[in-house]
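J.: Give me a 3D structure for the following:
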Amino acid sequence: MNEIYCRRIMATKGNPGDLRSRSSTSMFIVAGLCCIFYLLGAWQRSGSGKGDNIAYKITQKSEDCSLISNLEFETHHGNKAVNESSFVVKEFKPCDGQYTDYTPCHDQARAMTFPRENMNYRERHCPPQEEKIRCLIPAPKGYLTPFRWPKSRDYVPYANAPHKSLTVEKAVQNWVQYEGNVFRFPGGGTQFPHGADAYIEQLASVIPIDDGTVRTALDTGCGVASWGAYLFKKNVIAMSFAPRDSHEAQVQFALERGVPAVIGVLGTIKLPYPSRAFDMAHCSRCLIQWGANDGKYMMEVDRVLRPGGYWILSGPPINWRNSYQAWQRSKEDLDEEQKKIEEIAELLCWEKKYEKGETAIWRKRINNEYCSDRDSRVTMCKITEVDDVWYKKMETCVTPYPETITSEEVSGGELKPFPGRLNSVPPRISSGSIPGVSVDSFHEDNKLWKKHVNAYKKINKLLDSGRYRNVMDMNAGMGSFAAALESSKLWVMNVMPTIADKDTLGVIFERGLIGIYHDWCEAFSTYPRTYDLIHAEGVFSLYKDKCSAEDILLDMDRILRPEGAVIFRDHAEVLSNVKTTVAGMRWNMKMYDHEDGPLVPEKILVAVKRYWVVGETNSTYS
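T.: The predicted structure is shown next:
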């Protein structure tokens, strides 16, 4: 602009006689002004002019953007040389070998101090601040990068989860087999001895699994999650959960295979999902007493099940007359249990669609049109509390349907078959039920994250190569990061912080994605080394006055695989503090400017966790 201005001054037309009479002094003045303007423009564009205080601070902060120049995303199963950093950092030591599978909020020793009634002891019980360990969880000796999907569905390196108990306890059920240096997962299960494929085809004869109508599923008591693993063929994504119990590594095996799973249980507190989240819920001999506690567990499934969704119960007590002897239970006990389940399903206004062999399927009604007569027989939950679930006690009440106008209308809004629903406006937004979120802001968010993800792919060219299977978004918003990444090669665990300004987790599920509520002041409900890539946008700004950034980073290190990557997006000053902690954590890192340029205060910090295993004494700097 200043260059154009100078040219205009030099090119100003006048009387030829005046030009000839122009003194040399005037020429020098004009030339001098041009030089001043040119230098001023260059100074402003550089962002280092102290007159522009903000630009100056940002430029100063980004001077070390290439803090570590040899950032490496490829896996090599070995340690890497790391450049010495010039600032003093706190070095975090490795934990003892006994902590290789440490899950802080599901620690066995702590769990046994809580009541066993209603599985309370299997729920989340996190250590107080003074008991948290502040060391780096080591990988077991011989740890290997998991096989890429779909090979990982069937094979897991033995060294990654060296627990053979399931190969013995579940040998006849074809869950998992140990073969040399790998575990093999044949796709069998307790209730599907002919394999998960055949079982899913049986379900698909009743449930519209093939056309995208059913996209999100919940698998309670998932075992090694073979049901969820084989549903990917149908473009259905299942959230699987199982407790950390005597059968070691169920959830760990699931995640090593590349299947979504968390440590969890139906106990005394609500499931960490919003209402009307799942198109389908499943229990295959999950050992849950569905008829107990006045139907509380079935009511909780009803809460998270979308209107028109399906519930599958496979195993006891279904078809008990033919199976009671094999189950080693009395006919009277099983008969009573099935009657209770049928009664509760009627109160919930579920319609039984199928029963064959040991499998039964119910469908939740699409609205309250056929259920008005049950309202006097049950206690209805408060509509304002159905998504308030974090550490909230499960209640014996029925979640009300959102209001409808006609008998054909789907309560809460009808969804397009997937993948159409991924970028369509979710009903929770189009209905205006989330304050501060509009149709326009949804489209803008989608557009913005496509831009951000394109920038990430330029930084890390392996992002959509299949290198990263298990991905986590720590502050998922409306799920647009996951939508921009959508691929059969990966899946995203969309985490909704419990302190987020807006609860949009229901929106994420309506888009055909999965997610979970979580408070990042506590450890996440998963085993170590279960995520390949973690995305943390605005997380440390959100929690800066809530809890220690160090604690959050240490748990990120715990759940990140060796040679896994982290993408931080936050304000420059926030990331400067993050870097100080990360520098002591055996991570390589590099800072990048915002894709719109260096004057934008938001920056991108990319880190890669180095490969190291239990027993190695190498330090942060070696």
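
J.: so who does Arg122 touch?
T.: Contacts for Arg122 (C-beta atoms under 8 Å, 6 or more residues apart in numbering) come out as His106, Ala111, Pro243, Arg244, Asp245, Val265, Gly267. C-betas here are computed from N, CA, C, even on glycine.

J.: residues contacting Ile559?
T.: Applying C-beta under 8 Å, 6+ apart, the residues near Ile559 are Met472, Phe524, Thr526, Tyr527, Pro528, Arg529, Thr530, Tyr531, Ile534.

J.: Would you point out the most distant pair within those?
T.: Distance extremes for the contacts of Ile559: the farthest pair is Tyr527 and Ile534 at 14.8 Å, using C-beta to C-beta.

J.: one step back: from the contacts of Arg122, which one has the minimum pLDDT?
T.: For the contacts of Arg122, the weakest pLDDT value sits at Asp245, with 69.

J.: Count the residues that sit near the nearest residue to Arg469 once chain neighbours are set aside.
T.: Nearest non-adjacent residue to Arg469, counting by C-beta to C-beta, 6 or more residues apart in numbering: Gly258, 4.2 Å away. By other C-beta atoms under 10 Å, the residues close to Gly258 number 24.

J.: Looking at the contacts of Arg122, spot the one nearest Gly212.
T.: For the contacts of Arg122, the nearest to Gly212 is Val265 (30.6 Å; C-beta to C-beta).

J.: now the closest one: how far from Met556?
T.: 24 Å (C-beta to C-beta, to the nearest Å).

J.: and if you look at Ile341?
T.: 41 Å.

J.: How about Leu422?
T.: Taken as C-beta to C-beta, the spacing of Leu422 relative to Met556 amounts to 27 Å.

J.: between those two, which one's more packed in?
T.: Higher neighbour count among Leu422 and Met556: Met556, with 25 against 19, using other C-beta under 10 Å.

J.: Assumed the more buried one was part of a helix.
T.: Yes: with DSSP: H, G, I helix; E, B strand; the rest coil as the criterion, Met556 is part of a helix.

J.: What sits closest to it if chain neighbours are left out?
T.: Ile534 (5.9 Å).

J.: need the contact list for that neighbour.
T.: Val471, Met472, Met474, Met556, Ile559, Leu560, Gly564, Ala565, Val566, Ile567.

J.: quick one: which of those is nearest Val439?
T.: Nearest to Val439 among these: Met474, at 26.2 Å, using C-beta to C-beta.

J.: pLDDT value on that closest one, please?
T.: pLDDT, Met474: 98.

J.: I figured it hits Val495, correct?
T.: Yes: if you go by C-beta atoms under 8 Å, Met474 and Val495 touch, sitting 5.2 Å apart.

J.: Quickly list what's touching both of those two.
T.: By C-beta under 8 Å, 6+ apart, the residues touching both Met474 and Val495 are Trp520.

J.: what about the helices in the stretch 301-450 of the chain?
T.: For the stretch 301-450 of the chain, helices defined by DSSP state H, counting those that start in this stretch occupy the ranges 320-327, 331-347, 420-423, 427-430, 439-459.

J.: Buried deepest among those, which one?
T.: Compared across the helices of the stretch 301-450 of the chain, helix 427-430 shows the largest average neighbour count, a mean of 20 (mean count of other C-beta atoms under 10 Å).

J.: I'd like the average pLDDT over that one.
T.: Helix 427-430 carries an average pLDDT of 98.

J.: just stretch 151-164 next, same as before
T.: Stretch 151-164 comes out with an average pLDDT of 93.

J.: now it, how far from the chain's geometric center?
T.: 22 Å (C-alpha atoms, centre = their mean, to the nearest Å).

J.: Give me the buried positions along it.
T.: Residues of stretch 151-164 classed as buried by neighbour count (16 or more other C-beta atoms under 10 Å): Ser152, Arg153, Asp154, Tyr155, Val156, Pro157, Tyr158, Asn160, Ala161, Pro162, His163.

J.: Arg477 belongs to a helix, doesn't it?
T.: Let me fix one detail, which is that residue 477 is Gly and not Arg. No: read with three-state DSSP, Gly477 is coil and lies in no helix.

J.: Leu136 bridge partners, please.
T.: Pro94 (DSSP bridges).

J.: quick one: it from Val582, how far?
T.: 12 Å.

J.: between those two, who's got more neighbours?
T.: Val582 (25 against 22).

J.: Surely Leu287 forms part of a strand?
T.: No: read with three-state DSSP, Leu287 is coil and lies in no strand.

J.: Go ahead and confirm it touches Gly221.
T.: Yes: in this structure, Leu287 is within contact of Gly221 by C-beta under 8 Å, at 6.1 Å.

J.: In terms of neighbours, single out the busier of these two.
T.: Per other C-beta under 10 Å, whichever of Leu287 and Gly221 has more neighbours is Gly221, with 21 against 10.

J.: and the more buried one, what is it in contact with?
T.: Phe241, Ala242, Pro243, Cys283, Ser284, Arg285, Cys286, Leu287, Ile288.

J.: any idea which of those residues is closest to Ile459?
T.: Scanning the contacts of Gly221 for proximity to Ile459, where the rule is C-beta to C-beta, the winner is Phe241, at 33.2 Å.

J.: Can you tell me the element the closest one falls in?
T.: Following DSSP states H and E, one finds Phe241 within strand 237-242.

J.: which residues sit against whichever helix or strand comes after that strand?
T.: Downstream of strand 237-242, the next assigned helix or strand under DSSP H and E is helix 250-256. If you take C-beta under 8 Å, 6+ apart as the criterion, helix 250-256 is touched by 101, 146, 152, 156-157, 160-161, 163, 166, 176, 183, 185, 222-225, 228-229, 240-242, 244, 260-263, 470, 526-527, 530-531.

J.: Only the buried subset of these, as a ChimeraX command please.
T.: A single ChimeraX command selects the buried members of the contacts of helix 250-256 (16+ other C-beta under 10 Å):
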select :101,146,152,156,157,160,161,163,166,176,183,185,222,223,224,225,228,229,240,241,242,244,260,261,262,263,470,526,527,530,531
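
J.: Which ones among the contacts of helix 250-256 map onto strands?
T.: Among the contacts of helix 250-256, the members falling in strands (DSSP state E) are Val156, Pro157, Phe183, Ser240, Phe241, Ala242, Ala261, Val262, Ile263, Asn470, Tyr531.

J.: Who are the contact partners of the third one?
T.: Phe183 makes contacts with Tyr155, Val156, Pro157, Tyr158, Ala161, Thr167, Val176, Gln177, Phe253, as judged by C-beta under 8 Å, 6+ apart.

J.: can you rerun that using 6 Å?
T.: Residues counted as contacts of Phe183 (C-beta atoms under 6 Å, 6 or more residues apart in numbering) are Val156, Val176.

J.: so what's it bridging to?
T.: Beta-bridge partners, per DSSP bridges, of Phe183: Val156, Tyr178.

J.: How about the fifth one?
T.: The residues paired with Phe241 through beta bridges, assigned by DSSP bridges, are Thr220, Val262.
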